[in-house]
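J.: With the input below, show me the fold.
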Amino acid sequence: QVQLVESGGGLVQAGGSLRLSCAASGSFFRLNAMGWYRQAAGKQRELVATSTSSGDTNVVDFVKGRFTISRDNVKNTVALQMNSLRPEDTAIYYCNADVKVHELSPWMNYWGKGTLVTVSS
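T.: A predicted model of the protein is given here:
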């Protein structure tokens, strides 16, 4: 069974930084895109950043210049460095990945359970 486990959330003051990490574990053949989404209270889940297996990255406009996504294909991890945090960044942050469990199996999408980031003003 594939698991995505996030870590690194917590409480930080506005202007501070946090680094989120996500590790993919279990038995699988290959990972493709990995990324981060977030969901604030009362709002829909939204994309924050993605990274392909070849290293192409995308960060959405509302966090561009503040957040950076990075990936380690050997360790099967993806990280989100968040700087200059704002109260509106408060949300549960979820790791997401496209996984091929076996060589001939289809790509399937997995989610982590999320990690809470709270930014105080």
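J.: Quick check, pLDDT for the residue positioned nearest the centre of the chain.
T.: Central residue of the chain (Cα atoms, centre = their mean): W36, 2.7 Å from the mean position. pLDDT, W36: 98.
J.: List the contacts of it.
T.: 20, 22, 47-50, 69, 78, 80, 93-96 (Cβ atoms under 8 Å, 6 or more residues apart in numbering). Every residue, glycine included, has its C-beta placed from N, CA and C.
J.: cool, P87 as well?
T.: Residues near P87 by Cβ under 8 Å, 6+ apart: A14, V119, S120, S121.
J.: now R45
T.: Y37, R38, Q39, Y94.
J.: ok, now M108?
T.: So M108 contacts D98, V99, K100, V101 (Cβ under 8 Å, 6+ apart).
J.: Among those, which one has the most neighbours?
T.: V99 (22 neighbours; other Cβ atoms under 10 Å).
J.: circling back to that earlier point, and the contacts of P87 as a markdown table, adding pLDDT, secondary structure and distance to E88?
T.: Shown next, in a markdown table, are these (pLDDT from 0 to 100; DSSP: H, G, I helix; E, B strand; the rest coil; distance: Cβ to Cβ, whole Å):
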| residue | pLDDT | secondary structure | distance to E88 |
| --- | --- | --- | --- |
| A14 | 98 | coil | 10 |
| V119 | 98 | strand | 8 |
| S120 | 98 | strand | 12 |
| S121 | 94 | coil | 10 |
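J.: In this structure, mark out all the helices, start to finish.
T.: With helices called from DSSP state H, the chain shows none.
J.: For it, which residues score under the pLDDT cut-off?
T.: Along the chain, the model assigns pLDDT under 70 to no residue.
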